[in-house]
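> Compute the structure for the input listed below.
(one chain, ligands or ions: 2)
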Amino acid sequence: MTNSKPENPDARNAEPLTLSNFLRDQIASDVEKKTYGDAVIQTRFPPEPNGYLHIGHAKAICIDFGLADEFGGKTNLRFDDTNPEKEEQEYVDSIMADVRWLGFEWDRLCYASDYFGQLYEWALKLIKEGKAYVDDLTADEIRQHRGTLTEPGKNSPYRERPVEENLDLFVRMKNGEFPDGSRVLRAKIDMASPNLNMRDPVMYRILHAEHHRTGNEWCIYPMYDYAHGQSDSIENVTHSMCTLEFADHQPLYRWYIEQLGIFPSRQFEFDRLNLTYTMLSKRKLLQLVTEKRVNGWDDPRMPTISGIRRRGFTPEALRAFVAAVGASRTNGSQDIEMLEHFQRDDLNHRAHRAMAVLRPLKLVIDNYPEGEEFVEVANNPEDPSAGTRQVPFSRELYIEQDDFREVPPPKYYRLSPGKEVRLRNAYFITAQSVVKDAEGNIVEVHCTYDPASRGGNSPDGRKVKSTMHWVSARHALSAEVRLYEHLFSKPDPFDFPEGGDLFDNLNPNSLEVIPDAKLEPSLAAAKVGDHFQFERVGYFCLDPDSTGEKKVFNRTLALKDTWAKIEKKAAV
Ligand code: ATP
Ligand code: MG
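Residues are numbered from 1 along each chain as shown. Ligands and ions are numbered 1, 2, ... in the order given. I've put the predicted structure just below:
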């Protein structure tokens, strides 16, 4: 069979990011005013390789890459690898794969660790100019000296160390003469500054730890604030965009660059993406993985890019969602239904239709001859170019258990004794009788069909109220189907009582496995990542756990679009 349309291999050019926001205005004005002369707009995406990227990072990626693209600029992928204890190559690899999957390609691949030598030289320069000093206070003492928002800090007794002594001690820190935590290098700024980040921030700490790239070359490592701005400057980054929690760090970002007299990169902050029913703390996501509360970083319930991808989300939908969400200067939270709406919209155009019965009930057509026939079915009614396929039909079929009621409740229009319905693309049938097992459960429904209604319409113009999907029993493909719900059962996963725990809010029904669903046989040709709409059921994609013998399908989303409803309500 032909499969669903491939995801756009050149997604980068698919549709312009229509983020209308202050970041674009800022860049446009800098281009116009030639703030950086004729230099190109340069941005960077700076993940710390201490976990997998999540949907919040997707927003940052779209902003960093998307805005640079719009202005003919360039974007570097820079790993912020200043914390050797938590960083791993596995994360580096996954981050690169995720950025590319979203449809972006970096100009240069950089690592903060490439700049360790330069950062060290600059630290020596600041020491020589009396702008940095080695402090022997313990971490606790430094904290006690820092003061509070309302009280100024106190100078360290080591603050006035002579330059020569600072130089000597710093070189010896680097040479490994001192144990972890015994000394730090601090910037000498202002212990009374109203901004706590400016109260002599730590620049370097001693850490005898092996680094994923520099091995044991270094036993002092720069702090984020000392490394980030200077790394931007080294790469001639014009617009360093990050999330709002770094706004208080901006004066320090500028201070280092000004003291060193290097390329004047500037930082701009935007709001973090938050989603209902979703938790985006890397540390907590790691905990979900290590405590095996999910099946790895790419569990389809995870908000990681790899999880979302495996679930069947597409880069086009993620980018369209991020563009619609935009960027602002205040943090908020988005309804997850909005993301789902963008995904349904994309899959509705892209995914081929197929028939799949998740909870099968045998249906026998008593007046249908032995043998089989094939009915022609459109692959995607939204897209005539997707073509048609032949689906086998025979005397014994499967229908959904939910599509039959022996005693129909009011307004139940599906199959019940004496009632006539349409089998999609096939025939009208009328239920006649049921067969039950010893416990009284219905195991078979018997019906008759109207041979004149082939194709799904009766020549006498008779109407039926319901159209049902079906799969020929003899031809059916048995498959495992995994149904997902939100990972957390509360809109705000952090809403738990005192003494409670985030993980108390995990949704116990977030995964339901259907071991033996019955699928139309064309799905045997599905490839990993192919998307389908199982008619009347939802959007699905083939999971990499599939083998030659057993296919596994993930439900990306059910069909019901609750966001459309929310919007309609809001409009009234
Ligand atoms: P942590 O600092 O706790 O390890 P982080 O999520 O900030 O986690 P980074 O690797 O530092 O992870 O993030 C890389 C970039 O992605 C940063 O510029 C950060 O501002 C941005 N980013 C992280 N989370 C979000 C989010 N929820 N929404 C938008 N951007 C985000
Ligand atoms: Mg961070």
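
> Could you identify the helix or strand that succeeds the helix or strand where residue 516 lies?
Assigned by DSSP states H and E, residue 516 falls within strand 511-519. Using DSSP H and E, the helix or strand that follows strand 511-519 in sequence is strand 531-534.

> List the strands paired with that next one, with their directions.
On the basis of DSSP bridges, the sheet neighbours of strand 531-534 come out as strand 352-354 (parallel), strand 538-542 (antiparallel).

> how about these, which one is nearest residue 428?
Proximity of those to residue 428 was assessed by Cβ to Cβ; the nearest stretch is strand 352-354, lying at 20.8 Å. Where C-beta positions appear, they are placed from N, C-alpha and C, glycine not excepted.

> So which bits of the stretch 251-400 of the chain are right by ligand 1?
Counting by Cβ under 6 Å from any ligand atom, the stretch 251-400 of the chain comes close to ligand 1 at 272, 273, 280, 282.

> my guess is the first one meets residue 331, correct?
Yes - the criterion here is Cβ atoms under 8 Å, and residue 272 meets it with residue 331 at 5.7 Å.

> just to revisit the earlier point, okay if I get the strands paired with strand 531-534 as a markdown table plus mean neighbour count and mean pLDDT?
A markdown table is the format used below for the strands paired with strand 531-534 (neighbours: other Cβ atoms under 10 Å; pLDDT from 0 to 100):
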| stretch | mean neighbour count | mean pLDDT |
| --- | --- | --- |
| strand 352-354 | 23 | 97 |
| strand 538-542 | 24 | 98 |
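
> Most neighbours out of the residues of the stretch 251-400 of the chain next to ligand 1, which is it?
residue 273 (25 neighbours; other Cβ atoms under 10 Å).

> from memory it sits against residue 280, does it?
Yes - counting by Cβ under 8 Å, residue 280 is a contact partner of residue 273 at 7.3 Å.

> residues shared between the contacts of these two?
Common neighbours of residue 273 and residue 280, counting by Cβ atoms under 8 Å, 6 or more residues apart in numbering, are 55, 56.

> can you give me how far stretch 148-166 is from the chain middle?
What separates the centre of stretch 148-166 from the centre of its chain is 44 Å, taken as Cα atoms, centre = their mean, to the nearest Å.

> typo on my end, it should be stretch 430-448
Here the centre of stretch 430-448 is set off from its chain's centre by 45 Å, with Cα atoms, centre = their mean.

> Just the residues contacting that stretch, thanks.
Applying Cβ under 8 Å, 6+ apart, the contact partners of stretch 430-448 are 361-367, 399, 404, 406, 415-420, 429, 449-450.

> buried ones in that stretch?
Neighbour counts over stretch 430-448 (16 or more other Cβ atoms under 10 Å) mark 430, 431, 434, 445, 447, 448 as buried.

> where do the contact lists of residue 272 and residue 331 overlap?
Between them, residue 272 and residue 331 share these contacting residues under Cβ under 8 Å, 6+ apart: residue 244.

> re earlier: pull the most distant pair out of the residues of the stretch 251-400 of the chain next to ligand 1.
Distances among these were taken as Cβ to Cβ; the most separated pair is 273 and 282, at 13.6 Å.

> Number of residues surrounding the one residue in the stretch 301-450 of the chain that gets nearest to ligand 1?
Across the stretch 301-450 of the chain, no residue is closer to ligand 1 than residue 327, which sits at 8.7 Å (Cβ to the nearest ligand atom). Look at residue 327: counted by other Cβ under 10 Å, it has 23 neighbours.

> tell me the contacts of it?
19, 21, 22, 23, 59, 63, 270, 271.

> out of those, which are inside helices?
Of the contacts of residue 327, the ones assigned to helices by DSSP state H are 22, 23, 59, 63.

> Distance to ligand 1, pLDDT and neighbour count for those - can I get that in CSV?
Formatted as CSV, the ones in helices among the contacts of residue 327 follow (distance: Cβ to the nearest ligand atom, whole Å; pLDDT from 0 to 100; neighbours: other Cβ atoms under 10 Å):
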residue, distance to ligand 1, pLDDT, neighbour count
22, 15, 92, 13
23, 12, 95, 23
59, 4, 97, 26
63, 8, 96, 26
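
> among the residues you listed, which two are most distant?
The widest separation within those (Cβ to Cβ) is 14.9 Å, between 22 and 59.

> residues making contact with stretch 484-496?
Identification of contacts with stretch 484-496 by Cβ under 8 Å, 6+ apart yields 276-279, 294, 300-303, 311, 333, 336, 502, 504-512, 554-555.

> cutoff 6 Å now
Stretch 484-496 is contacted from outside by 276-277, 279, 300-301, 502, 504-505, 507, 509-511, 555, using Cβ atoms under 6 Å, 6 or more residues apart in numbering.
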